[in-house]
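Model the following, please.
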Amino acid sequence: MATKKKVVNENEDEVDVQEKEPKSKKDLSVSYNKFKTYHGKQYTGMQIGRSHHWYYDQGDWKETKITPDLWEVSYAVTKRRAGRAPENSGVPVGTGYQWYIIAHQKVTKLTANDYSTDLTGLKFKLAHKRADKNKWSAKAPTQRKHLIEFLKGIIEQLEKEPIPLEFEYKGATYKGEAIPIAETCAEDVCYEADVTLNDENLGIIRCTKSGWKLDRSDQELTEKIGNEIFLYFE
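Numbering: from 1, shown residues only. Got it, this is the predicted structure:
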């Protein structure tokens, strides 16, 4: 019979978790709340490597030009899960988060009033607020310190030599680079990288148990890119 023990989850809540897996593999809430480790750090919640899929309502995006190349932006919208959360999983209603997003936005003008937009990048948690508390897990100076450390890491990985990419695909020549995401690297192998081909950013490619994945990209092209990265680390 499975026993329980107290652990602190990613939001610093003390929760009961099962030390042994239950017989039923369909109870995803147990997997969500199970005690896990990542690079020596303890956590519960979604397992590293898994994904959320959301649909966004019609949002309100505002932008103001500050310099020839710099814009201020603000965006507000409700996002809705594409599927359904496992019963009894996730944080309580009212939990809050503060994230810092660093990303590529690709925009193409379609008509006089319409543009397509595609955003790929990273988001980094600065702080969270428990549903039953009225304060954030980190004060503003600590949030700023964590953000500085995060941005320094981004700069450091940008300054390193990228992985060169060059191959033929469907009669076309592709040339570019892949910048490894430092926090996914282990033992001289990196499992995610930011890819640019022919001077256009394609997003972040990731190596999974089922192969290489690159959102909104042709799978054959994704595998070509992944093979180039694999050969680089051989």
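
Quick one: low-confidence residue ranges for the chain.
Counting by pLDDT under 70, the chain contains low-confidence ranges at 1-30, 32-33.

Could you chop it up by domain?
Annotated domains of the chain cover 4-43, 54-159, 163-233 [automatic domain parsing].

Ranking those domains by mean neighbour count, which comes first?
Most buried of the domains of the chain, by mean neighbour count (mean count of other CB atoms under 10 Å): domain 163-233, with a mean of 15. Using the backbone N, CA and C atoms, a C-beta is placed for each residue, glycine as well.

Check the offset of stretch 89-96 from the chain's centre.
Centroid displacement of stretch 89-96 relative to its chain, using CA atoms, centre = their mean, to the nearest Å, is 19 Å.

do the same with stretch 139-150
19 Å.

Need the phi and psi values for Gly121.
Dihedral pair for Gly121: phi 170, psi -150, per degrees, to the nearest 10.

Same check on Ser137?
Residue torsions, per degrees, to the nearest 10, at Ser137 are phi -70, psi -20.

Quick check, it in contact with Lys129.
Yes. Counting by CB atoms under 8 Å, Lys129 is a contact partner of Ser137 at 6.9 Å.

Need the residues that contact stretch 92-100.
11, 123-132, 136, 143, 147, 150 (CB atoms under 8 Å, 6 or more residues apart in numbering).

okay, how far is it across it, tip to tip?
22 Å (CA to CA, to the nearest Å).

Numbering from 52 from now on, please.
OK, 52 is where the count begins now, so the last one is stretch 143-151.

Give me the subset of the contacts of stretch 143-151 that lies in helices.
Gln194, Leu198, Phe201 (DSSP state H).

what's the distance between the last one and Val142?
With distances defined as CB to CB, to the nearest Å, the gap from Phe201 to Val142 amounts to 22 Å.

residue contacts, the closest residue to Cys241 other than its chain neighbours?
Nearest non-adjacent residue to Cys241, counting by CB to CB, 6 or more residues apart in numbering: Pro231, 3.7 Å away. Shown in contact with Pro231 (CB under 8 Å, 6+ apart): Gln208, Lys211, Pro213, Ile214, Cys241, Glu243, Ala244.

Spatially nearest residue to the third one (excluding sequence neighbours)?
To tie it back to what came earlier, the one meant is Pro213. Glu228 (3.8 Å).

what's near enough to touch that neighbour?
Pro213, Ile214, Pro215, Leu216, Val246, Thr247.
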